[in-house]
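S.K.: just a sequence and a predicted model for now, questions to come.
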Amino acid sequence: MVHLEHVNCTLGVAQALKDVTLHVERGEFVFLTGPSGAGKTTLLRVLYGDLKPKTGAADVAGVDLMRLRGSQLPELRRKVAVVFQDFKVLPERSVFENIAIALEVRGVSSVSIDKRVRAVIRALDLEERSYAPCRQLSGGEQQRVAIARSMVVNPELILADEPTGNLDSDLSRHLIELFKQFNTYGTTIIMATHNREVLSWAPEARQVHLVRGQIVPPEPGAPGSVLDTKPIIGGRL
Amino acid sequence: MSTTKLFLRGVADMRRFPLPQLCTLITVCMVALLAGTGLLILHNVQTEVLRTQGQARFQIYWKVGADMTAVEAQWTDLKRAPGVAEVSTFTPRAALSELMRGLAPKTSGGGLAQSNVAANASGNASAAAGSPGAGEDFSWLEGDNPLPATALVSFNIPPAEEPEPWMGRMYARLKALDGVEQVTYNPTQLTLATGWIALVQKAALPALGFFALVVGLVVGNTLKLMMLARKDEVEILSLVGARAWFIRAPLFANGVVQGLLGSVLSLFCLKFLQSWLRSVLDVPPLFLKVEFLPLTQCVALVLCTTCVAGLASLIAARK
């Protein structure tokens, strides 16, 4: 699903990623961990085509990122869904409209949009707020809308950048359960987080630890780390 | 989603950003009004120049108190004279009426203009100021009208003649008429007219190009500013895999509607401006009839502004 070989990336004059090699197979659940400024967000931006690597080889869902042209970006973004810490929902539009927009851009028929959006709204327990503008929703509800927008298109890969950053512990745990459930259906998930508690809720997930733009072995004792006693599912660095 | 639906969405979305939309609309309207005013001036000057092209115009003033029977006989002769294109005549009474008509709306604040007229007439300003007739009515002047009989005569210059010597000869003939006190004409009028036409022909395209550039820059930048309000929406659409046209079409529709509404509004403003200018300038001694733009120019203004606004919105949304 994700194949990065010796990827280097700069932000201005600073080198944000240094010689990053990472392979993620279909159906894996991967945490990107590391302190603030380690390059987690930069790596995710490379994966959804927002940043072009300077050197190396990069392939995501069959799309060669090194040769990615602007006109090919929608193709990549239709395979890769992104969830952000700040939700990125349209505050003036309703829950239904926010979720439906992901299907509208794909040219799905109105009947199908209605059916699929209602199903995902039901699954994420947002039925009562279907037609409320998103600005009236709590942070947790807005994040569920963002996840629903990702889920409704059945993407091959979900990238989540600190999705629990603005949520309390209970909501964060609920959110991780949602991602895990979605992962069981075969969707690959790569989630950036620096929250150790979050890691402990999905101990089966592989951890990729970043420090100063480089992938390093996970910290000893961290849940899911290679030095942890708990098993790692699908772990391959 | 079809292009029509995207366009309709763009129009429907306009209500979601009322303040930026209103500001953009006002800007587009004002820029289009500026361009329209330029066109209006150009059109009226051109019309006037073309109307008088190849003509020489003389203003003839008879002596105050001249025998009107003799003057009217001269007017009749003038109208019959060869090469005369147009004759406008004013008896002293008609001139006074025109003066009253011209000054009436603007003299409500006091009798300065009236006092000056009265002072010229009788040499006694206090008599006018204290007169029971003071106000907007000069009828009290009728018995001692200070205005002379006048005629404005336009001649078509014979093609075989050199304009300036011909005008000089005509001036001498008119000045020699019985009872005529003064004749005025502008010998450079023809040169000016010819020069103006050449200038318009040379400058019209660059001027229109300049206006289009100004409209494009102002509208484009304003639309770009407006799009800052929709930055998040554009980002989200891009993140969920929207193609460029899906993002740009509603913004393009928005720009087109702004251009259309702004230019139509500017035409209403321009009509108001033209009516006001007409009421101000169509009075003695100017008698300038400011005409509104012809339909073709109105349509051109609307189409140009709409196209430029649509294009500017596309350029502003290209990133």
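M.R.: Great, that's in hand.

S.K.: where does chain A dip in pLDDT?
M.R.: Confidence mapping of chain A against pLDDT under 70 gives the ranges A:218-237.

S.K.: how about residue 38: what's its closest non-neighbour residue?
M.R.: Answering for chain A, as no chain was given. A:L210 (4.2 Å; Cβ to Cβ, 6 or more residues apart in numbering or on different chains). Glycine gets a C-beta too; all of them are placed from N, C-alpha and C.

S.K.: looking at chain B here, not the other one
M.R.: Going by Cβ to Cβ, 6+ apart, B:G38 has B:F211 as its nearest residue, at 6.3 Å.

S.K.: also B:L177?
M.R.: B:Q74 (5.9 Å).

S.K.: same deal with A:R129?
M.R.: A:R129 sits nearest to A:V95 (Cβ to Cβ, 6+ apart), 5.3 Å away.

S.K.: burial measure for that neighbour, as a count.
M.R.: 28 (other Cβ atoms under 10 Å in any protein chain shown).

S.K.: quick check: it touching A:V145?
M.R.: Yes - with contact defined as Cβ atoms under 8 Å, A:V95 reaches A:V145; the gap is 5.4 Å.

S.K.: show me which residues of chain A are close to chain B?
M.R.: For chain A, the residues in contact with chain B (Cβ under 8 Å from any Cβ of the partner chain) are A:48, A:70-71, A:73-78, A:81-82, A:88-90, A:92, A:101-102, A:104-107, A:149, A:153.

S.K.: list of residues touching the helix or strand B:Q59 falls within?
M.R.: Element membership of B:Q59, judged by DSSP states H and E, is strand B:55-62. Residues from elsewhere that reach strand B:55-62, judged by Cβ atoms under 8 Å, 6 or more residues apart in numbering or on different chains: B:71, B:85, B:148-157, B:163, B:166-167, B:170-171, B:174, B:177, B:179-186, B:189-190.

S.K.: now list the buried members of those.
M.R.: B:71, B:148-155, B:157, B:163, B:166-167, B:170-171, B:174, B:177, B:179-180, B:183, B:185, B:189-190 (16 or more other Cβ atoms under 10 Å in any protein chain shown).

S.K.: helices of chain A, start to end?
M.R.: A:40-47, A:73-79, A:95-104, A:110-123, A:139-151, A:169-184, A:196-201 (DSSP state H).

S.K.: turn these into a markdown table, columns for distance to B:A309.
M.R.: Formatted as a markdown table, the helices of chain A follow (distance: least, Cβ to Cβ, whole Å):
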| stretch | distance to B:A309 |
| --- | --- |
| helix A:40-47 | 34 |
| helix A:73-79 | 27 |
| helix A:95-104 | 26 |
| helix A:110-123 | 31 |
| helix A:139-151 | 32 |
| helix A:169-184 | 44 |
| helix A:196-201 | 49 |
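
S.K.: one step back: measure the residue nearest to A:A38 to A:S36 for me?
M.R.: 11 Å (Cβ to Cβ, to the nearest Å).

S.K.: then A:L11?
M.R.: From A:L11 over to A:S36 (counting by Cβ to Cβ), the distance is 14 Å.

S.K.: which of these two has more neighbours?
M.R.: A:L11 (13 against 8).

S.K.: what's around the nearest residue to that one once chain neighbours are set aside, how many residues?
M.R.: Distances taken as Cβ to Cβ, 6+ apart place A:T42 nearest to A:L11, at 6.6 Å, with adjacent residues excluded. By other Cβ under 10 Å, 24 other residues sit near A:T42.

S.K.: ok, A:T42 - contacts?
M.R.: Neighbouring residues of A:T42 by Cβ under 8 Å, 6+ apart: A:9, A:11, A:16-17, A:51, A:213.

S.K.: which one of those residues has the most neighbours?
M.R.: Going by other Cβ under 10 Å, A:L17 tops the contacts of A:T42 with 25 neighbours.

S.K.: ranges for the helices of the stretch 51-200 of chain B?
M.R.: B:68-80, B:92-103, B:112-122, B:125-129, B:163-175, B:189-228 (DSSP state H, counting those that start in this stretch).

S.K.: dump those to CSV, plus mean pLDDT.
M.R.: Converted to CSV, these look like this (pLDDT from 0 to 100):
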stretch, mean pLDDT
helix B:68-80, 89
helix B:92-103, 78
helix B:112-122, 38
helix B:125-129, 36
helix B:163-175, 85
helix B:189-228, 72
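
S.K.: now render these as CSV, adding distance to B:H43.
M.R.: Shown next, in CSV, are those (distance: least, Cβ to Cβ, whole Å):
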stretch, distance to B:H43
helix B:68-80, 30
helix B:92-103, 24
helix B:112-122, 32
helix B:125-129, 41
helix B:163-175, 26
helix B:189-228, 10
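
S.K.: of all those helices, which one is nearest A:R26?
M.R.: Proximity to A:R26, assessed across these by Cβ to Cβ, is greatest for helix B:189-228 (38.3 Å).

S.K.: wait, isn't A:R149 in contact with A:I99?
M.R.: Yes - between A:R149 and A:I99 there is a contact at 5.0 Å, judged by Cβ under 8 Å.

S.K.: of the helices of the stretch 51-200 of chain B, which is nearest A:R122?
M.R.: Of the helices of the stretch 51-200 of chain B, nearest to A:R122 by Cβ to Cβ is helix B:189-228, at 35.5 Å.
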